[in-house]
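Undergrad: could you look at this predicted model? Sequence included:
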Amino acid sequence: MTQRQPQHHKVVPLTDAVRRYVRDGTHLAIGGFTLNRNPMAAIREIVRQRVRNLHLYAHSNGTGLDELIGGGCVARLEIAYGGNGVATPTCIRFRKAVEAGRIVVEDYSNYMMSLRFLAGAMGVPFLPTLSGLGSDIAARWGFSKAMRRDDPRLPDDKLIVMDNPFGAWGEASRVLLVPAVNPDVTLLHVQTADAMGTCRIDGLPFGDIEQAKASRHVIVTCETLTTTEALRAHPERNQLAFPHVSAVCHVPWGGYPTAVYRRYDYDAEYLKAYAEAAGDEERFAAYQERYIFGVDSHEAFLEAVGRPRLEALKADPETGYAVNMKRG
Amino acid sequence: MTQRQPQHHKVVPLTDAVRRYVRDGTHLAIGGFTLNRNPMAAIREIVRQRVRNLHLYAHSNGTGLDELIGGGCVARLEIAYGGNGVATPTCIRFRKAVEAGRIVVEDYSNYMMSLRFLAGAMGVPFLPTLSGLGSDIAARWGFSKAMRRDDPRLPDDKLIVMDNPFGAWGEASRVLLVPAVNPDVTLLHVQTADAMGTCRIDGLPFGDIEQAKASRHVIVTCETLTTTEALRAHPERNQLAFPHVSAVCHVPWGGYPTAVYRRYDYDAEYLKAYAEAAGDEERFAAYQERYIFGVDSHEAFLEAVGRPRLEALKADPETGYAVNMKRG
Amino acid sequence: MEKLCYTPREMMTIMAAREIGDGDIVFCGTGISMLAAVAAKKINAPNSVIFFETGAVDARIAELPLAVSDPRIMYGAAAHGNLLDAFAFMQNRFTGDRIIAILGAAQIDPFGNLNTTCIGPYDRPVIRFSGSGGGCDVASFVPRCIAFMQHEKRKFVERIDYLTSPGGLDGGRSREKAGLRPGGIGVVITNKAVMRIDPETRRLYLDRYYPGIAPREIQDSTGFAVDVSRSCEASPPTATELRILREVCDPQGLILRNRPSD
Amino acid sequence: MEKLCYTPREMMTIMAAREIGDGDIVFCGTGISMLAAVAAKKINAPNSVIFFETGAVDARIAELPLAVSDPRIMYGAAAHGNLLDAFAFMQNRFTGDRIIAILGAAQIDPFGNLNTTCIGPYDRPVIRFSGSGGGCDVASFVPRCIAFMQHEKRKFVERIDYLTSPGGLDGGRSREKAGLRPGGIGVVITNKAVMRIDPETRRLYLDRYYPGIAPREIQDSTGFAVDVSRSCEASPPTATELRILREVCDPQGLILRNRPSD
């Protein structure tokens, strides 16, 4: 392990990783959940590189999702939830894009999206659930039958309701089958990784691991790039082993302005300012100029935010968040 | 949490837990894998209480499986593997019982059994896989159609092969569906638990977590009974939360003679002597008398084994096993 | 006995907390639903267990979270599962049957079906909301669900624009016929009243109106006919309930004061 | 060049190790299959990655394990997954297509199907073996599988008593028609020879016979007709291969000396 060959060394600059794997038309998934551990530095880099026509798979990737849509990168979206809880009940650029018909959207539930990633990770064509039977999620499709037929990257059916082939076994008369998702690329932001790509997440992993395992390529950004030796002293705590990972980028504060458990909290002030800017075209353009297009790197972005502001978000070692931080 | 109410206090003596939950005809699953972390103290207690007609669900629970069968406790068995690797390629009491027709056995693969527990844990009637298509595992049933029809605790079909309802999606023309398992009771042996029943496993969890979540009741034996506070300082490392658990028993060396990672190694000498005794009816009866019926508790069993012998198995803190232990 | 002052928001929170039994496992989101869960735990159900769709079980909620991914729901949890674990916990009948869930919605119909997706045509909505999140899953799996609603005619409608989270579907046995487990929305708690699903008709009826609100006013704020014949006045929050709610559960007023709509 | 002494067991191990490419992900069990995987890593495939059905990936194997649950496969791993993770890793085509697997069996047929379940009737066998374990899954998922066999007529049979792990099923396109991914057993390494599956007929043919063993002897030890027309002699282990195998991979002789059958 210590004299590991170069073949397993995957550390590259973030700009290179994005340029190499995230292209026009890429089917993309992003890790994290609403205002936690979204791969924000990678997302800003995608926006900065003006990638277009992404097909995005999301469960509840609020903040990251909204920046990608706001950046005009997304053409099609399969999604469970576009919001940030009570912080921003509905993501505003998402809402505007759907209402204006600028993106084609297809709705699922969070469990359905999670199962679809799991099916992709498992290598099976579908998984069953008792969720959504009788709902409009089952009845109404965002992608038409014709669109599906013409695109080999889409399953022919959004989902299928089937009688339980095992009779009444499992107390179910019928199940809803959701088709697997296999993204081209998943972006994850984690607390710790090594150069080979093994990852350690502290706190809730959300759907990150299934998303990663379902993907052809995984780009990992990490707060800390550590040694293989250090990670392997406790393999129980590493959720993703290196064979799944294509690129590792060392990007401290790469989840900002979302929270990274035990490292830093979300920046409520930034998120609020974002939500306000997102409501107005001119102000949103100014926001993007200030934080994305007007800065040429993640480091320059952090300077634009300002170090003292970042310092104030640092997590308390016991609770894992910034205790008594101003959030109102 | 610190002033947690008695409702969540689940610590009981092992004899009581077994007496309460494991009865004639119980559908039982046990944690661990071949010669690792089998709930051996609980299994010896079941044998000692002379429980009969168990319906056992096993993936590869070598050592524990063989003791239960050797104890005459098992009537029906759904199983993937009855062996201990190169240590005992086939479990001997298992082999004898099948060859003599003393138990009814139905074969699955390890993945199929894992999926069946997962289906039970998820609350779905079945899960799909591409494994076993065209095999005799799919073609030959251990439990007849008539036996299945007469027993509401068994699904009507062993498994079902189905065309992929999503066409060629997922590069699969067809899938094999395996029915969910929901045991009455799962026995787990873990390194650490609290009085509420939250569990922490070090090293590989095998199928323990799915088995537990699929079950109506879970009996946990643990090497260390710790405080709720201590376990909750790192929730990432706790694989099973207390709502799944019915009883917690503090049983140091409860996995012996199988290994418990970072605590102690398997006892190769004991396992070898067991395998030798298992081949002969008289010697096996003597073995059982010495280690099970002739001792009235787990503590008495440990005395029969001898403390110095246990001490020699203690795990090296770095590797998690007993370095250079005699195993030949 | 002295007359207590309280806001509709406080009343709603307490009415929901009273629905929670000791030992119940409580699924909730953020905002008022989490406040209700915390209030139940501090007031009437000390053994209840709060969990979130993101996978944290029984966290030590020292500060109110703004989202179910807020690190404030991670601290002191029994275990950190993932999304799959959280939903399996509800779909699994051993654990799922012990759960009571609290949801919110933009629209509700007479059978307790919820819309959190859109107003207007699905492919080009006039208003787009956040979407299901875990709402559809919870309403599909959990036997007892509470909905929090603002009591307005445009929210209580005969036919919702999009059926995101299944309640009784078309009433009668249509929920069971669709293959869903029994359950879904059984109680609706609004700023004016508590409504419940009739086990026979599977329609919402008025169970309790809040002090100072006439049953007639409830009907006028509801976009479909409501049986008010069985209703009576709700018991207002007690002094103890209010004190614990204000001083223990939300001392900063994060939910009680600052966030009137969610 | 000096003549080297080596055992059939050593020959088998080296022949298997040579099948493993650098960067391959190697699935193995215990005993000789693990020794072959370790030998490949030390000799010809330093970037190969060993993993087990129990879920440990790329462990630091400092002592040879006696089972795939041995704590010796846990130390220094990249991650500790569970059984579900390990099998999904093989069923998933992104990772599964990079895997080479090594299996053993009690019986094999001309199409590379394996029996590890029983001899005699399934419901009342004359001999009961351990059963599939992960064997059926691996043979179903993995594109390249190696089988280790003792070369005896009763083990190489026209028709196996129980088809535990699918190879080419009935030959031709029957594997694909059954819905299985391409793959299964492609190579059989015995104590006398290396046999391979012909891509056209899907039957085993003799590829290499070991030095000192005549093709005729292979046919005599095989319970079905074998095409020996394309065979030639295998290159014996080199001095370097043997040295690394004996001194680095199994210095205690745990597998090379003590355990002749598995």
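TA: In hand now; what should we look at?

Undergrad: quick one: end-to-end length of stretch A:277-290, please.
TA: One end of stretch A:277-290 sits 12 Å from the other (Cα to Cα, to the nearest Å).

Undergrad: and that stretch, what's its mean pLDDT?
TA: Mean per-residue pLDDT for stretch A:277-290: 97.

Undergrad: that stretch close to chain C?
TA: No. Counting by Cβ under 8 Å from any Cβ of the partner chain, chain C is not contacted by stretch A:277-290; separation bottoms out at 13.6 Å. Any C-beta I mention is one placed from the backbone N, CA and C, and that applies to glycine too.

Undergrad: cool, stretch A:80-100 as well?
TA: Yes. Judged by Cβ under 8 Å from any Cβ, stretch A:80-100 and chain C are in contact via A:80-87, A:89-91, A:94-95, A:98-99.

Undergrad: low-confidence bits of the stretch 201-328 of chain A, can you list those?
TA: Within the stretch 201-328 of chain A, the ranges that satisfy pLDDT under 70 run A:328.

Undergrad: number of nearby residues for C:E152?
TA: C:E152: 15 surrounding residues under other Cβ atoms under 10 Å in any protein chain shown.

Undergrad: where do the helices sit along the stretch 151-300 of chain A?
TA: With DSSP state H, counting those that start in this stretch, the ranges of helices along the stretch 151-300 of chain A come out as A:208-214, A:228-232, A:268-278, A:281-288, A:298-305.

Undergrad: list the buried residues for stretch A:202-216?
TA: Residues of stretch A:202-216 classed as buried by neighbour count (16 or more other Cβ atoms under 10 Å in any protein chain shown): A:202-215.

Undergrad: near chain C, which of the residues you listed show up?
TA: Applying Cβ under 8 Å from any Cβ to those, those adjacent to chain C are A:203-210.

Undergrad: distance to chain D for these - can I get that in JSON lines?
TA: Shown next, in JSON lines, are these (distance: Cβ to the nearest Cβ, whole Å):
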{"residue": "A:G203", "distance to chain D": "17"}
{"residue": "A:L204", "distance to chain D": "18"}
{"residue": "A:P205", "distance to chain D": "12"}
{"residue": "A:F206", "distance to chain D": "17"}
{"residue": "A:G207", "distance to chain D": "15"}
{"residue": "A:D208", "distance to chain D": "13"}
{"residue": "A:I209", "distance to chain D": "9"}
{"residue": "A:E210", "distance to chain D": "10"}
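
Undergrad: so which of the buried residues of stretch A:202-216 comes closest to A:A139?
TA: Relative to A:A139, the closest of the buried residues of stretch A:202-216 is A:G207; by Cβ to Cβ it sits at 24.7 Å.

Undergrad: can you give me the helices for the stretch 51-200 of chain C?
TA: Under the criterion DSSP H, counting those that start in this stretch, the stretch 51-200 of chain C contains helices at C:83-91, C:93-96, C:135-141, C:174-177.

Undergrad: is chain B contacted by the third one?
TA: Yep, that's helix C:135-141 we're talking about. Yes. Using Cβ under 8 Å from any Cβ, a contact is recorded between helix C:135-141 and chain B, made by C:F141.

Undergrad: which strands and helices lie in contact with that helix?
TA: Packing partners of helix C:135-141 (3 or more Cβ pairs under 8 Å, 6 or more residues apart in numbering or on different chains; DSSP states H and E): helix A:110-122, helix C:83-91, strand C:99-104.

Undergrad: how about the longest one?
TA: Using 3+ Cβ pairs under 8 Å, 6+ apart as the contact definition, the elements that helix C:83-91 packs against are helix A:110-122, helix B:110-122, helix C:93-96, strand C:99-104, helix C:135-141.

Undergrad: of those, which stretch is the most buried?
TA: For the helices and strands packed on helix C:83-91, the largest average neighbour count (mean count of other Cβ atoms under 10 Å in any protein chain shown) is found in helix C:135-141, namely a mean of 31.

Undergrad: contacts for it?
TA: A:109-112, A:129-133, A:135, A:137, B:123, C:27, C:53, C:87, C:90-91, C:96, C:99, C:101, C:103, C:105, C:114, C:116, C:145, C:164-167, C:180-181, C:183-185 (Cβ atoms under 8 Å, 6 or more residues apart in numbering or on different chains).

Undergrad: cool, and stretch C:213-222?
TA: C:151-153, C:156, C:192-193, C:206, C:209, C:225-226, C:228, C:231.

Undergrad: any idea of the mean pLDDT in it?
TA: pLDDT averaged over stretch C:213-222 gives 96.

Undergrad: once you drop chain neighbours, what's closest to the residue in chain A that chain C sits nearest to?
TA: Nearest to chain C in chain A, going by Cβ to the nearest Cβ, is A:G85, at a distance of 2.8 Å. Counting by Cβ to Cβ, 6 or more residues apart in numbering or on different chains, C:A67 is the residue found nearest to A:G85 once chain neighbours are left out, at 2.8 Å.

Undergrad: and what of C:D198?
TA: Excluding the flanking residues, the one nearest C:D198 by Cβ to Cβ, 6+ apart is C:Y205, at 5.3 Å.

Undergrad: strands of the stretch 151-300 of chain A, residue ranges please.
TA: Shown for the stretch 151-300 of chain A, the strands assigned by DSSP state E, counting those that start in this stretch span residues A:160-163, A:174-179, A:185-194, A:199-200, A:217-226, A:247-250.

Undergrad: picking that back up, okay if I get the helices and strands packed on helix C:83-91 as CSV plus mean pLDDT and distance to B:K326?
TA: Formatted as CSV, those follow (pLDDT from 0 to 100; distance: least, Cβ to Cβ, whole Å):
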stretch, mean pLDDT, distance to B:K326
helix A:110-122, 98, 41
helix B:110-122, 98, 30
helix C:93-96, 97, 44
strand C:99-104, 97, 52
helix C:135-141, 98, 53
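
Undergrad: between those, which one is nearest to B:L225?
TA: Comparing the helices and strands packed on helix C:83-91 against B:L225 with Cβ to Cβ, the closest turns out to be helix C:93-96 (23.4 Å).

Undergrad: next, see if that closest one gets close to chain B.
TA: Yes. Using Cβ under 8 Å from any Cβ, helix C:93-96 comes into contact with chain B via C:93-96.

Undergrad: in CSV: those, plus distance to chain D.
TA: What follows is these, written out as CSV (distance: Cβ to the nearest Cβ, whole Å):
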residue, distance to chain D
C:R93, 21
C:F94, 20
C:T95, 19
C:G96, 21
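
Undergrad: nearest to chain A, out of those: which one, please.
TA: Taking Cβ to the nearest Cβ as the measure, chain A sits nearest to C:R93 out of these, at 6.4 Å.
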